[in-house]
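Engineer: Sequence isn't available, so here's the structure alone:
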DNA sequence: CTGAAAGCGCTTACAG
DNA sequence: CTGAAAGCGCTTACAG
């Protein structure tokens, strides 16, 4: 028996329209009437019906655009799944979600998509950013000048006017890896890091989280080397070969990003796959395969689908329920998987 | 631009009512017309609007009852939060959710609540079961005779006609603990288990999962003892004292259920809190405290809120969208936490 | 500043 | 077996 606008109108002795104006701050109403209606609504425990609102707003549709980069990667394919789920949800409420899939990093294409969305009258945009001065400016402009809220996800563009950012706390993910390394090694021994691109801020941040925590909390562990695979499997495998030669006592490897296949194949070839303590990131099929086999001991990641789902829902809640996100940084849960809880 | 019933009606040259009858299998329609309409709907990519349906069904409300036992425990308090979230969701669609909170285990009270819900015309019930012959019979009766679907959660009552069960795969949780113990101990040494009640099937299943995996996969680890704390902190602490006396080489402890406080305090008192490898279950505040301090190394659990949320949503989807759950066993994700990803 | 009316997409009696 | 109409709770022009 949820309370309806009608019932409040009767209780207050006014029309539904007036209640609507009062409760949704639409103006054109005498302040004392507004006050009184709000009080009555509160007293009656009024909760607006999303269904009613959705239907009434079916004409003036809510339109959300989503722009994805790096679509050639399996990770973003998983993110896409979350976006598609959210799309269905939003569309069942009469909204529209349009998705742009971009391969690689192409700020120009992102901006072109933004432009198209703006022209077509979309009211909110979620996008995976990349470091680019023009894009930064565009984000601020959309937010300020056009009043189109922007949510970034997967990566951030700090110091812009974006509404919020959905993504992993990469520094904390690195610290988490450090903690796991400690548990496995008993707090002693030599470990090494294999990272991806020097230019990838997410990977660098994981690496920093890892080294910071090791240095602060685990003095018995020595980080002997940090190398970059440049996202190339062959390079990654070469790095491992060198590591094993240079540091015969090496007991653990932390892989911040790509290169898992190269690392694991080489460890297997050299008969080190069962004894080396390996921690990697992201729940990609390739990675899960090595986790299952036992070459990777721990995989740290996030629910990629959540990362795609959340930005769309955040925008929808803002536009539909006028409910802004509480925090600027919407960190996804840091998930730890072993072969036993792969799901 | 979602397709509406109206548009299909026009395309098919019939009325909205007829399209409704065809698409929702309400009968009273010529089979060939039904076929044709279904085909047209498919071709046009019709997706029913939840908002429209919700509004139209506002009279004939969907009413879901939730019966919770063990409400004195912090775990169930968390589950309750998930139930309340789901309640809001359902009510924003015009449904009703009524919650019964029972302390301890009281099958009679559960059945009384069921009876009340049935009399009031509720259309679905989610409940935390307990082993009881009468309750088993009731569940079957509600499902079969009254046509009221029942979802059990937190625990199961196997071989009943319940729609499905939402809960943890406790055996797999035990295996997961075994895997973590292996990582921490390097695969060698003596470990012991502290369990709760012998009569608690969930705990026994965790214990079995743990011992099974150790025996099958980690022959270097010896399980030296299994004791029951009967959910008493004092007993738990006594057990630990004995353990340390009997097995001075003891390197790991697996706590399947309650007793965490007793165990951890004693370990701390005896100066073993930093060296002993401890794995426990469930994300209770007490447990998280010991995780943070470093006495517990790994905490295995599930998102308790999800466990409360999901049964309600499953019933709602069944009743509102006519969409039955895909699987009988709806296992919640097995979550691993260290002090670094407590969230 | 306020009210009366139309309409969003669907379901449900009620006629035929 | 099929259609026309009412109504669910809300928003939105349009009058006043």
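Structural biologist: That came through fine. Bear in mind the structure is a predicted one, so any value in this text is a computation, not a measurement. Numbering: from 1, shown residues only, chains lettered A, B, ... in the order given.

Engineer: close to chain B, is stretch A:326-340?
Structural biologist: Yes - on the criterion CB under 8 Å from any CB of the partner chain, stretch A:326-340 is in touch with chain B at A:333, A:334, A:335, A:336, A:337, A:338, A:339, A:340. C-beta here means a position set from N, CA and C on the backbone, and glycine is covered the same way.

Engineer: In chain A, which residue is most central in space?
Structural biologist: residue A:167 (2.9 Å; CA atoms, centre = their mean).

Engineer: I figured that residue hits residue A:155, correct?
Structural biologist: Yes - using CB atoms under 8 Å, residue A:167 is in contact with residue A:155, at 6.5 Å.

Engineer: Give the buried residues for the lowest-mean-pLDDT helix or strand in chain A.
Structural biologist: Of all helical and strand segments in chain A, the minimum by mean pLDDT, DSSP states H and E falls on helix A:50-56, at a mean of 90. By neighbour count with 16 or more other CB atoms under 10 Å in any protein chain shown, helix A:50-56 contains the buried residues A:50, A:51, A:52, A:53, A:54, A:55.

Engineer: Need the residues you listed in a markdown table (columns: distance to chain B).
Structural biologist: Listed next are the buried residues of helix A:50-56 as a markdown table, based on distance: CB to the nearest CB, whole Å:
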| residue | distance to chain B |
| --- | --- |
| A:50 | 4 |
| A:51 | 4 |
| A:52 | 6 |
| A:53 | 8 |
| A:54 | 4 |
| A:55 | 5 |
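
Engineer: Can you tell me how far residue A:314 is from residue A:305?
Structural biologist: Shown here: residue A:314 relative to residue A:305, a distance of 15 Å by CB to CB, to the nearest Å.

Engineer: what about these two, which has more around it?
Structural biologist: Neighbour count, other CB atoms under 10 Å in any protein chain shown: between residue A:314 and residue A:305, residue A:314 has more, with 24 against 17.

Engineer: Tell me the helices and strands packed up against the least confident helix or strand of chain A.
Structural biologist: helix A:304-321, helix B:50-56 (3 or more CB pairs under 8 Å, 6 or more residues apart in numbering or on different chains; DSSP states H and E).

Engineer: any idea which helix or strand comes after that helix?
Structural biologist: Per DSSP states H and E, the first helix or strand lying C-terminal to helix A:50-56 is strand A:63-68.

Engineer: hmm, that next one in reach of chain B?
Structural biologist: No - Strand A:63-68 lies apart from chain B when judged by CB under 8 Å from any CB; the minimum separation is 10.5 Å.

Engineer: I'd like to know which elements the following helix or strand past that strand is packed against.
Structural biologist: Per DSSP H and E, the first helix or strand lying C-terminal to strand A:63-68 is helix A:74-91. Packing contacts for helix A:74-91, counted by 3+ CB pairs under 8 Å, 6+ apart, involve strand A:63-68, strand A:96-101, helix A:304-321.

Engineer: is any part of the helix or strand just after the second one close to chain B?
Structural biologist: Spelled out, it's strand A:96-101. Moving toward the C-terminus from strand A:96-101, the next helix or strand (DSSP H and E) is helix A:107-119. No - Helix A:107-119 does not reach chain B (CB under 8 Å from any CB); its nearest approach is 15.9 Å.

Engineer: Give me the residues contacting helix A:107-119.
Structural biologist: With contacts defined as CB atoms under 8 Å, 6 or more residues apart in numbering or on different chains, helix A:107-119 is touched by A:65, A:67, A:69, A:98, A:100, A:102, A:125, A:127, A:129-130, A:132, A:134-135, A:138, A:142, A:146, A:148.

Engineer: and chain A, which residues reach chain B?
Structural biologist: A:1-2, A:47-52, A:54-55, A:58, A:88, A:91-94, A:96, A:172, A:175-176, A:178-180, A:183-184, A:186, A:213, A:297-298, A:333-341, A:343.

Engineer: next one: phi and psi at the residue of the stretch 151-300 of chain A found nearest DNA strand C?
Structural biologist: Residue nearest to DNA strand C within the stretch 151-300 of chain A (CB to the nearest atom of the strand): residue A:151, separated by 26.6 Å. Backbone torsions for residue A:151, taken as degrees, to the nearest 10, come to phi -110, psi 130.

Engineer: Good, we can wrap up now.
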